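**Q** here are the coordinates; sequence isn't available:
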């Protein structure tokens with residue numbers, strides 16, 4: 001069977017009963033995480049600019065901008081909320097299966113898919129079970145496409161959350177609308193032609209723009225396909241299709257017959273972040289936290305810090321002397337320095353004021369970051385990071401980690417995840433009781449008769465335009 005048609009059949013014909021209970025549980029956790037991040041992202045400067053932009057369009061409609069009072073057309077709510085989820089680079093990350101499919105360099109699965117599903121579901125009065133179902137189908141397509149495409153796609157500069165995220169969002173919307181197989185295939189065809197996003201924009205507002213635009217493009221693709229808009233129905237595998245044009249090829253075994261076998265949420269899994277920085281920083285941050293605790297490291301006693309990884313990680317963590325909060329999220333040097341100084345790295349530490357403090361900049365200059373042969377040999381499906389700290393009294397302490405806290409190897413508990421949502425909500429000035437009510441509602445999303453019960457909680461006054 002042609003590949004795109006097989007994907008369309010998975011979207012349209014997979015019975016809800018075929019989604020394992022464990023996959024539903026893990027998906028609910030990522031939805032909870034995504035909603036908390038959308039609240040935090042609404043308080044970012046990019047959130048203010050997005051609301052100002054949408055106000056100028058006068059694009060009325062019934063879909064909620066999370067963390068704001070107004071509603072807009074679904075495509076624009078998806079756009080705003082996709083940007084918000086990815087604004088702090090605090091959102092979940094797809095794991096890789098094979099050594100040449102680079103962990104951390106695939107997709108952030110929730111940011112493009114969840115906003116599209118929530119926006120469309122709200123205006124249709126869909127149930128929470130419908131939302132969860134569409135979200136899981138969409139993210140499964142997204143993650144399998146990311147696993148299949150040749151690694152050149154990311155390594156040469158495409159941002160897969162933007163490019164492949166549009167395909168995942170489109171798949172989710174086709175599922176939510178109960179599209180038939182031909183319509184689902186055309187939805188994929190339209191979405192694939194909208195896929196875009198360049199990694200040179202990492203460390204700027206345009207990185208989360210990629211996620212927002214992918215979510216919006218998924219809505220637009222579903223809208224047009226529903227109306228009868230035509231598109232290639234073999235867009236993934238065609239000679240001039242997505243895999244060849246965007247990656248130079250693909251691994252058929254990673255997607256053909258692999259959708260839901262197993263579900264990517266179940267194996268290899270999805271990592272949820274404990275820090276608002278690029279996922280590739282997290283194993284090293286975990287090592288540094290252990291070294292600080294075990295050795296009582298103090299910044300004034302540190303002579304040099306060396307961090308070694310595989311060669312793909314410096315290719316993404318490109319800001320070695322950051323000056324903005326967004327650059328700091330892609331700076332291994334900053335992440336090491338801020339942990340040594342503050343012994344924590346949350347939303348309050350990733351601000352321009354903190355990044356430019358004299359003590360922070362001086363310690364950043366003592367951090368060396370590059371490729372380590374041991375990490376390179378470990379395989380790219382891991383994020384092997386080796387940290388060595390040389391102290392002023394001549395000691396050398398070191399540690400290694402292949403994965404970070406929040407990965408399936410060391411997952412966040414439900415309580416830790418809910419605490420993260422509460423912290424994100426507080427960043428957006430949402431009171432704890434309100435945040436706890438949101439969390440309770442999301443934990444029970446599969447039982448909601450109408451998802452509007454959730455979106456009403458997420459729409460609130462008091463956010464400045």
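**A** Arrived safely. Just so we're clear, the structure is a prediction, and the values are computed from it rather than from any experiment.
**Q** quick one: the helices in the stretch 101-250 of the chain, in order.
**A** Under the criterion DSSP state H, counting those that start in this stretch, the stretch 101-250 of the chain contains helices at 110-124, 128-148, 152-155, 160-176, 181-192, 206-227, 242-247.
**Q** for residue 53, which of those helices is the nearest?
**A** helix 206-227 (10.9 Å; Cβ to Cβ). Where C-beta positions appear, they are placed from N, C-alpha and C, glycine not excepted.
**Q** and the closest one, average pLDDT?
**A** Per-residue pLDDT over helix 206-227 has a mean of 98.
**Q** how far does that helix sit from the chain's center?
**A** 16 Å (Cα atoms, centre = their mean, to the nearest Å).
**Q** relative orientation of that helix and helix 181-192 in degrees?
**A** Relative orientation of helix 206-227 versus helix 181-192 (axes from the mean of the first three to the mean of the last three Cα atoms, to 10 degrees): 150 degrees.
**Q** buried ones in helix 206-227?
**A** 206-225 (16 or more other Cβ atoms under 10 Å).
**Q** now stretch 326-339, how far from the chain's geometric center?
**A** That offset, for stretch 326-339, works out to 18 Å (Cα atoms, centre = their mean).
**Q** how long is it end to end?
**A** 17 Å (Cα to Cα, to the nearest Å).
**Q** what about the helices of the stretch 101-250 of the chain, which gets the closest to residue 287?
**A** Judging those by Cβ to Cβ, what sits closest to residue 287 is helix 152-155, at 24.7 Å.
**Q** now do the closest one, average pLDDT.
**A** 90.
**Q** if we can go back for a sec, which stretch in the helices of the stretch 101-250 of the chain has the least confidence?
**A** helix 152-155 (a mean of 90).
**Q** thinking again about what came up before, which one of the helices of the stretch 101-250 of the chain lies closest to residue 280?
**A** helix 152-155 (12.1 Å).
**Q** mind listing what's buried along that closest one?
**A** Neighbour-count burial for helix 152-155 [16+ other Cβ under 10 Å]: 153-155.
**Q** ok, the residue nearest in space to the middle of the chain to residue 168 distance?
**A** By Cα atoms, centre = their mean, the chain has its centre lying nearest to residue 108, at 2.7 Å. Distance of residue 108 to residue 168, given as Cβ to Cβ, to the nearest Å: 10 Å.
**Q** ok, residue 224 next?
**A** 17 Å.
**Q** again, but for residue 310
**A** Residue 310 is 26 Å from residue 168, by Cβ to Cβ.
**Q** more neighbours: which of those two?
**A** Neighbours per residue (other Cβ atoms under 10 Å) separate residue 310 from residue 168, with residue 168 holding more: 32 against 24.
**Q** show me what contacts that one?
**A** 107, 109, 112-113, 138-139, 141-143, 145, 214, 218 (Cβ atoms under 8 Å, 6 or more residues apart in numbering).
**Q** which secondary structure elements does the helix-or-strand element of the chain with minimal mean pLDDT contact?
**A** Least confident helix or strand, the chain: helix 152-155 with a mean of 90, by mean pLDDT, DSSP states H and E. Applying 3 or more Cβ pairs under 8 Å, 6 or more residues apart in numbering; DSSP states H and E, we find helix 152-155 packed against helix 160-176, helix 242-247.
**Q** distance between it and the chain's centre?
**A** 18 Å.
**Q** what does it contact?
**A** 102, 105-106, 160, 163, 199, 246-248, 312, 315.
**Q** where along this structure do the strands fall?
**A** 63-64, 71-72, 93-94, 270-271, 302-309, 367-371, 385-391, 396-401 (DSSP state E).
**Q** wait, which of those is closest to residue 55?
**A** Of all these, strand 71-72 comes closest under Cβ to Cβ, at 9.3 Å.
**Q** counting by contacts, list what the closest one packs against.
**A** Taking 3+ Cβ pairs under 8 Å, 6+ apart as the contact cut, strand 71-72 packs with strand 63-64.
**Q** give me the contacts around the strand it packs on.
**A** 71-74, 76-78, 118-120, 122-123, 455-456, 458-459.
**Q** a markdown table for the strands of the chain, including mean pLDDT, mean neighbour count and distance to residue 235?
**A** Formatted as a markdown table, the strands of the chain follow (pLDDT from 0 to 100; neighbours: other Cβ atoms under 10 Å; distance: least, Cβ to Cβ, whole Å):
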| stretch | mean pLDDT | mean neighbour count | distance to residue 235 |
| --- | --- | --- | --- |
| strand 63-64 | 97 | 26 | 27 |
| strand 71-72 | 96 | 22 | 29 |
| strand 93-94 | 92 | 29 | 21 |
| strand 270-271 | 94 | 26 | 25 |
| strand 302-309 | 98 | 21 | 35 |
| strand 367-371 | 98 | 17 | 37 |
| strand 385-391 | 98 | 22 | 37 |
| strand 396-401 | 98 | 16 | 39 |
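**Q** mind checking which of these is nearest residue 16?
**A** Closest among these, once you apply Cβ to Cβ, is strand 270-271, at 20.3 Å.
**Q** and the buried residues of helix 152-155, which is closest to residue 46?
**A** residue 154 (22.9 Å).
**Q** state the distance from the closest one to residue 384.
**A** Residue 154 is 18 Å from residue 384, by Cβ to Cβ.
**Q** ditto for residue 423
**A** 29 Å.
**Q** quick one, which of these two is more surrounded?
**A** residue 384 (24 against 15).
**Q** give me the pLDDT value at that one.
**A** Residue 384 is given a pLDDT of 95.
**Q** list phi and psi for it.
**A** Backbone torsions of residue 384, given as degrees, to the nearest 10, read phi -50, psi 130.
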